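kindly generate the corresponding structure for this input.
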Amino acid sequence: MIVWVTGASSGLGKSVVHALIRHGHQIVAGARSFEDNREGNVCRFRLDVTDTDSVRHFARRALEIFPHADAVIHCAGILSLGSCEETDAEIYGKIMDTDFLGMVRLNREVLPHMREAGGGRIVMFSSINGLLGIPFQSAYTAAKHAVEGYAECLQMEVSPFHIQVCLVEPGDHRGGSQHTRGHVPPAPDSPYAQRYLRGTDRIAHDEANGLDPDRLGEKVAGLLERKHMPFRKRIASSDQHLAVWLHDLLPPSLNHRILQNYYGQNQA
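Predicted coordinates for the structure are as follows:
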């Protein structure tokens, strides 16, 4: 299978590429840090998903090497930690541009070829944050909620062309965002200062003690080998599965109190 992967140089994208190599797939990997080269089953091309020209160049080069794309896996993403009040609109725009619109740009390039080939697979990395919000991750959460809604529309539109869409919703994985994280730290006299420190400490702790990213890569590679991919595949710890279920079942006020307490927001 010929698979395009974005965000392939680090984090979960890198783990996905390694798993695809183990499974014997042909891979076209894209990342901003790459220089164009080919090594074994992997072609690496520079790719900035926020730049339409870069996306078009990546797709053109990929189709020069291989005549079609069987699957695209969207892993490119960044996040920024900060309060809603103190995070500039430009930061929201930057994260939306990378985490959501980057997928839109590449899908626009690959979908005509998949339709012509009679099918294909599109795997988009969402997140647990695409299903619920947590303090101080509003920009990332908003982008992932956009991915969730877009994917639902996309699946309904492309299924008549035998194109499958899958949302992968990871929970915390070790090293998942260590290379792509930004901060908007509050000033010492900010009303959010202490809560920000408690909340981001919890976020860092959960990621440092998260799941094995190599196992996630194996599960994503396995999705491509199924006759029918599930529309959603949540890859998370049991407590994060529980958090999603409670979010859907509990009254919002009670759910908010539980999450605020977990992230240290109810302390004086």
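
what residues does the lengthiest helix in the chain touch?
Counting residues, the longest helix in the chain under DSSP state H turns out to be helix 138-158. Applying C-beta atoms under 8 Å, 6 or more residues apart in numbering, the contact partners of helix 138-158 are 77, 79-80, 82-84, 87, 91-92, 95-96, 98-100, 103-104, 107, 111, 114-115, 122, 124-127, 129-134, 164-165, 167, 231. Placement of C-beta: from N, CA and C, glycine included.

C-terminal to that helix, what's the next element?
Where DSSP states H and E defines the elements, the next helix or strand beyond helix 138-158 is strand 163-170.

with just CA atoms, put that next one into CSV.
Extracted C-alpha coordinates of strand 163-170, given in CSV (Å, rounded to 0.1, in the frame of the first residue of the first chain):
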residue,chain,number,x,y,z
ILE,A,163,-13.2,6.4,0.1
GLN,A,164,-13.1,5.6,3.8
VAL,A,165,-12.4,8.2,6.5
CYS,A,166,-11.2,7.4,10.0
LEU,A,167,-10.7,9.7,13.0
VAL,A,168,-7.9,8.6,15.3
GLU,A,169,-8.4,10.1,18.7
PRO,A,170,-5.3,9.6,20.8
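
and that strand, what does it pack against?
helix 102-117, strand 120-125, helix 138-158, helix 213-224, strand 232-235 (3 or more C-beta pairs under 8 Å, 6 or more residues apart in numbering; DSSP states H and E).

want to try TSV for these, with mean pLDDT, mean neighbour count and distance to residue 190 as columns?
Shown next, in TSV, are the helices and strands packed on strand 163-170 (pLDDT from 0 to 100; neighbours: other C-beta atoms under 10 Å; distance: least, C-beta to C-beta, whole Å):
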stretch	mean pLDDT	mean neighbour count	distance to residue 190
helix 102-117	97	18	31
strand 120-125	98	24	32
helix 138-158	98	19	16
helix 213-224	97	19	33
strand 232-235	97	18	34
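
of all these, which lies closest to residue 14?
Taking C-beta to C-beta, helix 213-224 is the member of those nearest to residue 14, at 8.1 Å.

show me what counts as buried in the host helix or strand of residue 194.
Here residue 194 sits within helix 193-208, counting by DSSP H and E. Judged by neighbour count (16 or more other C-beta atoms under 10 Å), helix 193-208 contains these buried residues: 195, 196, 198, 199, 200, 202, 203, 206, 207.

one more: stretch 87-105?
Quick answer for stretch 87-105 (16+ other C-beta under 10 Å): 87, 91-92, 94-105.

re earlier: ok, of the buried residues of helix 193-208, which one's closest to residue 47?
Distance ranking of the buried residues of helix 193-208 against residue 47, using C-beta to C-beta, places residue 207 first at 24.9 Å.

nearest spatial neighbour of the closest one, skipping sequence neighbours?
Leaving aside its sequence neighbours, residue 207 sits nearest to residue 172 (C-beta to C-beta, 6 or more residues apart in numbering; 4.8 Å).

right, and the one you found touches residue 206 too?
Yes - between residue 172 and residue 206 there is a contact at 4.5 Å, judged by C-beta atoms under 8 Å.

okay, and the helix or strand of the chain with the least pLDDT?
Scoring the helices and strands of the chain by mean pLDDT, DSSP states H and E places strand 181-183 at the bottom, with a mean of 73.
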